[in-house]
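Trainee: A predicted structure for the sequence below; I have some questions about it.
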Amino acid sequence: MKRLLLMLAPVLLFMLAFRPFQDITVKGRISDEYGSPVPGATIQLKGGTTRTSSDNAGNYSIRLSMAKSSLYISAAGFEPQEIKVNGRPVINVIMRSSLTTMVDSGRASINITPSVAYGTKRMADKEITSRGTIAYNWNEKQDQLTGSYDRRKFQAFEGDREGYDFIAENRFLKVTDNPLSTFSIDVDAASYSNVRRLINSGQLPPQGAVRIEEMLNYFHYDYPQPKEGKPFSINTEIADAPWNKDHKLVLIGLQGKKIPVENLPASNLTFLIDVSGSMMSEDKLPLVKASMKLLVDQLREQDRISMVVYAGAAGLVLSPTSGADKMKIKEAIDKLEAGGSTAGGAGIKLAYATARQYFIKGGNNRVILCTDGDFNVGESSDDAMERLIENERKSGVFLSVLGFGTGNYQDAKMQKLADKGNGNHNYIDGLAEARKVLVNEFGGTLFTIAKDVKLQVEFNPALVQGYRLIGYENRMLAKEDFNDDKKDAGELGSGHTVTALYEIIPAGVESTWLKKVDSLKYQSNLDPFSKPVHTNEMLTVKFRYKEPDGETSKLIEHPVKDTRVGISATSDNFRFAAAVAEFGLVLRNSEFRASASLEQAAAIARKALGNDDQGYRSEFLQLVEKARRLNELTGKIHPLPKDQYEK
C-alpha cells in the first residue's frame with residue numbers, strides 16, 4: 001500500500017497543479033475620500049490582461065479566473081492601489097488624491113505629469129523621475145514680520161504647446177442703450193472635459209480653456225419634452241444671483257425632442273482620422289481606436305461608415321461599410337498606426353468627397369474628425385480649411401470634431417472647424433467620455449433636429465437697467481442677424497439640452513458696472529422708468545430655427561415674468577446650472593465673480609444633484625474639490641475685495 005501511495009503521489013500533485021480554477025466575478029465601487037464616485041478608473045488583473053473601467057457612478061465589475069489574484073486600480077489624479085482579492089465578491093475602493101500637500105519647513109510640492117503642465121515660466125526647482133513625473137516646488141518668500149510663507153509663486157512646466165483663444169468676457173450693458181441681446185446656441189461640451197483633464201492632472205486651467213457655456217451644456221437638465229410638434233421646449237426661471245445679492249439670475253433652457261435610436265434616419269458617417277506622428281501617445285490614436293469601437297457597436301444595418309486617414313498623404317482605408325459588418329470595421333480600426341507629418345487639408349477634402357459620393361437623402365451625413373488639432377504642416381492654411389468646410393456644409397454634410405491628447409492640443413482651431421461645419425466639438429479625455437458622447441448621447445451627437453438656432457432677448461427697462469450674458473462670447477450675433485436667414489448659427493441634436501444664464505441688474509439698484517455717458521445732443525433723453533411698460537414682464541425671449549433640410553426660419557416668442565424668490569426655492573436645474581457657472585467664474589478669475597467661491601459652488605451643487613443616474617453631477621463635486629485643493633497650493637485664484645462688487 002505504501003509503495004502504491006508513493007507511485008500515485010506525483011500523479012496527484014500533477015493533477016492538483018493543473019486543476020481548473022473556479023471563476024469569480026468581483027464587483028464594487030471606486031470613490032474618493034469624500035465619497036464621490038471616481039469614473040473612468042482602470043481596474044486590472046495584476047500581471048494579466050483582464051481589465052475594465054468604472055462607470056460614471058464609480059461602479060465596476062470584473063471576472064477573474066483566480067480567487068487569490070490581485071487587482072491594480074489606477075485613475076488620473078489619484079494614487080494607484082494594489083488590492084488582494086482573497087475570494088471576495090465585493091471590493092469597494094477609496095482612492096487617495098495625489099494632489100496632497102506635503103509641507104516641510106515651509107516647502108510644498110505636488111507631482112504633475114509633464115505632458116499636461118501648462119505655462120511658459122521656467123521652474124526654479126524640478127526633479128524628473130524615472131516614472132516621468134515632475135515634482136513642482138514652491139519658491140519660498142518668508143514674511144519677516146509674521147514668519148508665514150507666500151505660496152503664490154507657482155512655477156510651471158515650460159514647453160507646452162496647447163492652443164487656446166483669448167476670451168473677452170461679456171460685460172454688463174445698459175438696457176437703454178442695448179435693449180436686445182442676440183446669440184447663437186452652442187451645444188459643444190469640449191471645454192468641461194478638457195478642464196476636467198487639466199484639473200485631474202494637477203493643473204488649474206488657463207482662462208482661455210474655460211468656456212462657461214460649454215461647461216453648462218456638458219450636463220443634462222430635466223427639462224420637459226416638447227409638445228405640439230415643436231422640435232424643442234422652452235423653459236425659464238428667475239432667482240437671486242448666488243454670488244451677488246443685489247443681482248438676479250435668469251435661466252433659459254431648451255430641451256430638444258428625443259428620437260429613439262431605432263427611429264433615427266440612416267447615418268452616412270465618414271471618419272477622418274489623424275494618424276500623424278503627434279498621435280502616437282496612448283491618449284491619442286489608441287484612445288481614438290477604442291472610442292470608435294464603442295460607436296461601431298451602436299451602428300445598425302442601414303448605417304454606413306467609411307474611414308479616411310491623413311498624415312503625409314490622405315487615403316481611404318475603409319470604403320462605405322454597413323453597420324452590420326462590425327468585424328470588418330473593427331479590423332480596419334485595429335490596423336491604424338501613427339507616423340509622419342500632418343497635411344490636414346488633403347484629408348478633409350477626401351473625407352467630404354467620400355461623404356458626398358455616398359450621400360443618404362434625408363439621412364445623417366457627417367464627417368467626424370478625430371485629431372489633436374496639430375495639423376500645421378502642409379500647404380493648407382487654417383483660413384483655407386475653414387472656407388472649405390463652410391462651403392461643404394451647403395451640401396448637407398456636417399462636421400463633428402473629437403479632440404484628443406495633451407501637450408499640443410489645439411482647442412481654438414477645433415472650435416472654429418466645428419463651428420464652420422455645422423457640427424459639434426467634444427474633447428475625449430478617456431473611455432468614459434467616449435461612452436458618454438458616442439453611446440449615451442449617440443442621437444444628439446450625430447443627428448440634428450433643428451439648425452441655425454438663434455436667441456434674441458428683449459429686456460424691459462421698467463424692471464431691468466443692466467444685464468450680462470454669462471459665456472457664449474464666441475457666439476454673439478448682431479441684432480440684425482436674428483432675422484437674417486443667411487446668417488449661420490448653432491445646431492440642436494436629438495435629446496440635447498441647451499442652457500444659458502443672464503445676470504441682471506434690476507431697476508433702481510446702484511451699480512458701478514454700468515458706466516454713465518454724456519447726454520446726447522440730437523436725440524431726446526427720456527427717463528426709461530417714467531412710463532412702465534408690461535411691468536409684469538422682465539424680458540421676452542425670441543427663438544428662430546430651421547428644419548434640418550430647410551432654408552426658411554420659424555419664430556417662437558416666450559415672455560418671462562418677474563419673480564421674487566431666493567435660490568433655495570428654485571429647481572435642481574437652476575441651482576446646478578448656477579453652481580457650474582460659479583465654478584467657471586472662479587476658474588476664469590472673472591472680474592464679475594463678486595463673492596463667488598469654490599466652496600459656495602460645491603454647496604449649491606450638493607443640494608441640486610437631482611436624478612444623477614450617470615454620476616456626472618457627483619463627478620462635478622469631486623472636480624470642484626480638486627480645484628479647491630489645487631488652489632490652496634497655487635494661490636492662483638484670488639477672491640475679489642468686497643469694495644469691488646458691493647456698493
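Mentor: Done, it's in.
Trainee: gap between the two ends of stretch 39-48?
Mentor: Distance between the two ends of stretch 39-48: 22 Å, counting by C-alpha to C-alpha, to the nearest Å.
Trainee: Give the rounded mean pLDDT of that stretch.
Mentor: Within the predicted structure, the mean pLDDT of stretch 39-48 is 82.
Trainee: Next: stretch 271-281.
Mentor: The model assigns stretch 271-281 a mean pLDDT of 88.
Trainee: Can I get it in PDB, CA atoms only?
Mentor: Listed in PDB are the C-alpha atoms of stretch 271-281, where the atom choice follows Å, rounded to 0.1, in the frame of the first residue of the first chain:
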ATOM      1  CA  PHE A 271     -14.300  59.200 -40.000                       C
ATOM      2  CA  LEU A 272     -11.400  61.400 -40.800                       C
ATOM      3  CA  ILE A 273      -8.500  60.200 -38.600                       C
ATOM      4  CA  ASP A 274      -5.300  61.900 -37.900                       C
ATOM      5  CA  VAL A 275      -2.500  59.300 -37.900                       C
ATOM      6  CA  SER A 276       0.400  61.700 -37.900                       C
ATOM      7  CA  GLY A 277       3.400  61.300 -35.600                       C
ATOM      8  CA  SER A 278       1.900  63.600 -33.000                       C
ATOM      9  CA  MET A 279      -0.900  61.000 -32.400                       C
ATOM     10  CA  MET A 280       1.300  58.200 -31.100                       C
ATOM     11  CA  SER A 281       0.700  58.600 -27.400                       C
END
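Trainee: what comes up buried for it?
Mentor: 271, 272, 273, 274, 275, 276, 278, 279, 281 (16 or more other C-beta atoms under 10 Å). C-beta coordinates here come from the backbone N, C-alpha and C atoms, glycine included.
Trainee: now that stretch, how far from the centre of its chain.
Mentor: Taking the mean of its C-alpha atoms, stretch 271-281 sits 21 Å from the chain's own mean (C-alpha atoms, centre = their mean, to the nearest Å).
Trainee: before we move on, what about stretch 205-217?
Mentor: Put simply, stretch 205-217 sits 8 Å off its chain's centre (C-alpha atoms, centre = their mean).
Trainee: so how far does that stretch reach from one end to the other?
Mentor: Start to finish, the residues bounding stretch 205-217 are 18 Å apart (C-alpha to C-alpha).
Trainee: So which residues lie in contact with that stretch, not counting its own?
Mentor: The list of residues contacting stretch 205-217 from outside it, by C-beta atoms under 8 Å, 6 or more residues apart in numbering, reads 118, 162, 164-167, 186-192, 194-195, 198-199, 411-412, 470-475, 497-501, 577, 580-581, 583-585, 587-589.
Trainee: Among the buried residues of stretch 271-281, which are located in strands?
Mentor: In this view, the buried residues of stretch 271-281 that belong to strands under DSSP state E are 271, 272, 273, 274.
Trainee: how about residue 626, secondary structure?
Mentor: helix (DSSP: H, G, I helix; E, B strand; the rest coil).
Trainee: so what's it scoring on pLDDT?
Mentor: 92.
Trainee: and what of the one 10 residues further on?
Mentor: Turning to residue 636, the model gives it a pLDDT of 71.
Trainee: Hmm, residue 586 and it touching each other?
Mentor: No - here residue 636 lies out of contact with residue 586, judged by C-beta atoms under 8 Å, at a distance of 10.4 Å.
Trainee: more crowded one of these two?
Mentor: Using other C-beta atoms under 10 Å as the criterion, residue 636 and residue 586 rank with residue 586 on top: 24 against 14.
Trainee: from the contacts of stretch 205-217, which would you call buried?
Mentor: For those, burial is judged from neighbour counts taken by 16+ other C-beta under 10 Å, and it is met by 118, 162, 164, 167, 186-192, 194-195, 198-199, 411-412, 470-475, 497-501, 577, 580-581, 583-585, 587-588.
Trainee: Of those residues, which belong to helices?
Mentor: When helices are assigned by DSSP state H, the members of the buried ones among the contacts of stretch 205-217 inside them are 190-192, 194-195, 198-199, 411-412, 577, 580-581, 583-585, 587.
Trainee: now, which of the residues you listed sits nearest residue 238?
Mentor: Within those, the smallest distance to residue 238 is 12.6 Å, found for residue 577 (C-beta to C-beta).
Trainee: mind listing the helices in the protein by residue range?
Mentor: 2-17, 190-200, 212-216, 285-296, 326-334, 344-357, 382-392, 411-420, 431-435, 442-446, 572-587, 598-606, 616-634.
Trainee: Make JSON lines out of those and add distance to residue 92.
Mentor: Formatted as JSON lines, these follow (distance: least, C-beta to C-beta, whole Å):
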{"stretch": "helix 2-17", "distance to residue 92": "33"}
{"stretch": "helix 190-200", "distance to residue 92": "21"}
{"stretch": "helix 212-216", "distance to residue 92": "30"}
{"stretch": "helix 285-296", "distance to residue 92": "26"}
{"stretch": "helix 326-334", "distance to residue 92": "34"}
{"stretch": "helix 344-357", "distance to residue 92": "45"}
{"stretch": "helix 382-392", "distance to residue 92": "48"}
{"stretch": "helix 411-420", "distance to residue 92": "36"}
{"stretch": "helix 431-435", "distance to residue 92": "19"}
{"stretch": "helix 442-446", "distance to residue 92": "31"}
{"stretch": "helix 572-587", "distance to residue 92": "27"}
{"stretch": "helix 598-606", "distance to residue 92": "21"}
{"stretch": "helix 616-634", "distance to residue 92": "15"}
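Trainee: can you tell which of those helices is closest to residue 452?
Mentor: Evaluated over those, closeness to residue 452 peaks at helix 411-420, with 12.4 Å, by C-beta to C-beta.
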